[in-house]
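> got a structure for you, letters missing:
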């Protein structure tokens, strides 16, 4: 093996500097002004004459996006959160000069607000095993030297100088690595199919067309560690006999594309791409193809059509890409994460990889953890970890202590799982059996404020809009499903619509050409399976229990009120001094009948009630005024009105005189239902 590689785990900077200050330069932290932090750090280091001792390193995404911009002091591994340019002077003074931790910048444990300054002690990272993300946040992605110092291209050197193509494929098959793009097909088996194809030339393609809402796994790897993906592609090319590869990345990721192009140029300069790599006789080159952003181009045949310059539409299979792919030549298509993991399998062996996770889904899973969760960010956890541990131990639970309601896995084509599924192991087979999918790694958490009907409609809106229109089940079925859900969320649904949803979904799943159409009904069907009561409330009761469907909710307070009182109108009229009108608004939905001792029973779902004589005060305390037998809300309403209707004098006491409008409101209240002064001996059940 070539001796140009450094075998330990330190970066080049460890041999030259006392400390490295690693500043996250991922898209999320960059939008939070991490670039200003870098500039201020460089200026402060220069002012204090520390340029020869301390180096500022812009890195890729460290994963803890909720706490960005993130700064780590290396080698002590002190992690600072939400650092801004104004914090730099104190950080340099206290930590780099005096060796003290700035506690206010450290991560604070939520329950006790105890500072946790060291990276490896923070719960967010505690259960993670970083393989594909091993270098993200630790190296400068624009420096090939730093990648080489972290064993970069060592696996390629081993493969080219010590292994035959069949040995590489056998090692990948033994590892059990399943494609991380969503389908979960065995990577080694896919490589074997392509290697057995006789036609030439062959192509290696990286699918980096990540278009799921809320997903940023592939983008973060390309932005933070592009060389790992390129090395994995070179290993795959050697295994199947390819000489050319394409990285298909959507143009919406300009930073990822920029860093890929820089990495390709550097690899050429170092002889790690191009002709006769490592003197082995193997030649391989890479090109970046920018996609226009069509979600359907995440499907491998549509992706290849786009590379060829045609419209991105899937085609029937077989023939599969391993036989007739790009330009009808044998091609191998894998996800960014699959290629990023491959070099570590070649270095550490299949047994090491299989030791992580369950037997049928070994290794790690990468998720973009988003939604109603405290620790949003990018995580890599071992396969088989329960959903609950990801959400509550790694993710920190739901903000503000609200109840957890559901988690959507697999992106817009996945499925949602309720709280009862929190013990479900996270792997390909277990999630499918539970009613969801692994997908490419999106994970969206929602709380009790989320309407699951509206939630399913959101994903359906996205998926139906992204249909390429080539096949009828997807093109028409998605639109018809969306129309049904729209009717339900607007209060026009019927029970028959539920059967329509099932009928359309079954036909889309069975008849659509590609996974986009086949999986589009997934979020709707899982919501229907686990949250049927919400669909029934929208259809039968014309209410949205979560208060999110605007046509069914005039105001949150009305939606939450069991009686459905028009609180905004009532409060607005009272604020204007129009008490009589406000009281009338209140009485339209007031659950109390107004006759002493008679209570109106209210159905909180329909806001319709049926009167029932209580035969007395029902155990409620009477008003207390002479002869007044009003109880409960009627008593409070009447006597608050009496109190409000008497203005205060300058000395603070109530003035005996009231305005004509206030007098009319008080008289109306006395003469109408809520409270009538009676002889205490008179029957309370009659007028």
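That came through fine. The shown structure was predicted, so the numbers you read here are calculated from the model rather than taken from an experiment.
> Distance-wise, check residue 153 relative to residue 346.
Distance of residue 153 to residue 346, computed by Cβ to Cβ, to the nearest Å: 11 Å. In this view, the C-beta of every residue, glycine as well, is placed from N, C-alpha and C.
> Same check on residue 323?
The spacing between residue 323 and residue 346, counted by Cβ to Cβ, is 26 Å.
> again, but for residue 539
Distance, residue 539 to residue 346, by Cβ to Cβ: 56 Å.
> between those two, which one's more packed in?
Neighbour count, other Cβ atoms under 10 Å: between residue 539 and residue 346, residue 346 has more, with 25 against 19.
> Can you name the residues that contact the more buried one?
If a contact means Cβ atoms under 8 Å, 6 or more residues apart in numbering, then residue 346 has 155, 158-159, 163, 168, 171, 235 as its contacts.
> Buried members of these into ChimeraX, please.
Of those, the buried ones can be selected in ChimeraX as follows, counting by 16 or more other Cβ atoms under 10 Å:
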select :155,158,159,163,168,171,235
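> Using TSV, lay out the contacts of residue 346 together with distance to residue 498, pLDDT and secondary structure.
Listed next are the contacts of residue 346 as TSV, based on distance: Cβ to Cβ, whole Å; pLDDT from 0 to 100; DSSP: H, G, I helix; E, B strand; the rest coil:
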residue	distance to residue 498	pLDDT	secondary structure
155	53	97	helix
158	57	96	helix
159	55	97	helix
163	56	95	coil
168	51	97	helix
171	50	97	helix
235	50	98	helix
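> What is the least confident helix or strand in the chain?
Within the chain, no helix or strand scores below strand 608-613, which has a mean of 35 by mean pLDDT, DSSP states H and E.
> Which stretches in the stretch 51-200 of the chain count as strands?
Along the stretch 51-200 of the chain, the stretches classed as strands by DSSP state E, counting those that start in this stretch are 54-59, 71-74, 78-80, 107-109, 114-116.
> again but with the stretch 351-500 of the chain, I slipped
Ranges of strands in the stretch 351-500 of the chain, per DSSP E, counting those that start in this stretch, are 364-371, 377-382, 404-409, 415-418, 442-447.
> nearest to residue 182, of these?
strand 442-447 (9.8 Å; Cβ to Cβ).
> And the closest one, what does it pack against?
In terms of contacts (3 or more Cβ pairs under 8 Å, 6 or more residues apart in numbering; DSSP states H and E), strand 442-447 is packed against strand 364-371, strand 404-409.
> angle of the last one against strand 442-447?
It refers to strand 404-409. 170 degrees (axes from the mean of the first three to the mean of the last three Cα atoms, to 10 degrees).
> what does strand 404-409 rub up against?
371, 387, 391-392, 397-398, 414-419, 422, 426, 431, 436-439, 442-448, 450, 452, 455, 459, 523, 530-531.
> Any of these buried? List them.
By 16+ other Cβ under 10 Å, those give 371, 387, 391-392, 397-398, 414-418, 422, 426, 431, 436-439, 442-447, 450, 452, 455, 459, 523, 530-531 as buried.
> for the chain, longest strand please?
Longest strand in the chain, counting residues (DSSP state E): strand 282-291.
> What residues are bridge-paired with the most centrally placed residue in the chain?
By Cα atoms, centre = their mean, the mean C-alpha position of the chain lies nearest to residue 370, the distance being 2.7 Å. Residues in a beta bridge with residue 370, per DSSP bridges, are residue 444.
> which residues of the chain score low on pLDDT?
Along the chain, segments meeting pLDDT under 70 span 1-16, 562-563, 590-687.
> how about 50 then?
For the chain, applying pLDDT under 50 flags the ranges 1-14, 593-638, 645-655, 672-687.
> thought residue 544 was touching residue 554?
No: here residue 544 lies out of contact with residue 554, judged by Cβ atoms under 8 Å, at a distance of 11.1 Å.
> Sweet, I'm off.
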